[in-house]
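*Asks:* Here is the input, now give the coordinates:
(one chain, ligands or ions: 1)
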Amino acid sequence: MIKFENVSVLYPGAAEPALKNLSIHFNQGEFVCVLGKSGAGKSTFIRCINGLQPVSEGTVKWNDKSLSEMTPKENLEIRRKTGMIFQHFNLIPRMSVVQNILTGLFGYKKSYENLLGLFNSNERMSALEAIDQVELTVEPTRRVENLSGGQKQRVAIARALIQNPNVFLGDEPVASLDPGTAERIFHLLKETHIKRNLVSIINVHDVGLAKKFATRIIALKKGRLIFDGAPEKFDEKLYAETYNQ
Ligand SMILES: Nc1ncnc2c1ncn2[C@@H]1O[C@H](COP(=O)(O)OP(=O)(O)OP(=O)(O)O)[C@@H](O)[C@H]1O
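*Replies:* The predicted model follows:
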């Protein structure tokens, strides 16, 4: 469904590419964890998937169509269908839980409606349903700045769900959370992934979480793919190779 063909990314002024000649593909239903030390290229890789980061060489394809050959409307559709979850949640602190979730619909609305915050009753109902799905037990009208990290990430997941995504991309979504909360958030991601038969591709520092939840692990080192396989095959030797100099 998503395919990278010989993808490289060279940032302006950088001596080395952040991604080097990466070829890989992902199918519906896969829950992929991406491992690699800081600077290995994990965020760059995640952002290339839906075109947030343009590639310098090679092609990223969705259903055999290259992102670079898509019309702006097709590109917008790809973004709409991608739910993104970030380490720092990317919520609007002074806005309420429900307002933050509704921002997930921005890709579906006309810009003046976004500016005026116009959402109809069906859309508000979908936001409340999303709150239920992520098992968030706070008042929907509460400002998100007052929530815990785990609650904020549930709001961010609800915001992604309201987009009705077929792909979940996570850039270190549990890196700011304590281990128990991180595991509960991964559990929620996996459960949602299974219910909706998504493709989920998630960067994570915690190898234990990757091994517990992933159906497939990939490891990057200095922008190159050094492992792609079943979680149980990611052994101590590969761990050392991934995280050592
Ligand atoms: N906007 C940018 N401009 C220039 N260089 C960048 C930019 N973003 C990332 N890089 C560089 O590209 C390389 C890969 O960075 P990237 O953020 O993709 O790695 P990462 O594995 O996600 O790291 P981390 O775990 O620290 O977030 C690094 O050397 C980084 O310094």
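*Asks:* what sits against the residue nearest the centre of the chain?
*Replies:* Residue closest to the average C-alpha location in the chain (C-alpha atoms, centre = their mean): residue 169, at 1.7 Å. Residue 169 is in contact with 46, 49-50, 82-85, 200-202, counting by C-beta atoms under 8 Å, 6 or more residues apart in numbering. Glycine gets a C-beta too; all of them are placed from N, C-alpha and C.
*Asks:* Keep only those of the residues you listed that are in strands.
*Replies:* Among the contacts of residue 169, the ones falling in strands (DSSP state E) are 82-85, 200-202.
*Asks:* Buried subset of those as a ChimeraX selection?
*Replies:* To isolate in ChimeraX the members of those that are buried, counting by 16 or more other C-beta atoms under 10 Å, one can use:
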select :82,83,84,85,200,201,202
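*Asks:* could you dump the ones in strands among the contacts of residue 169 to CSV with pLDDT and distance to the ligand?
*Replies:* Converted to CSV, these look like this (pLDDT from 0 to 100; distance: C-beta to the nearest ligand atom, whole Å):
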residue, pLDDT, distance to the ligand
82, 95, 17
83, 95, 19
84, 95, 14
85, 94, 14
200, 98, 17
201, 98, 13
202, 98, 12
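*Asks:* which helices and strands sit right next to the one helix or strand residue 240 maps to?
*Replies:* In this assignment (DSSP states H and E), residue 240 forms part of helix 236-243. If you count contacts as 3 or more C-beta pairs under 8 Å, 6 or more residues apart in numbering; DSSP states H and E, helix 236-243 packs onto strand 216-221, strand 224-229.
*Asks:* Please tell me how far that helix is from the chain's geometric centre.
*Replies:* 24 Å (C-alpha atoms, centre = their mean, to the nearest Å).
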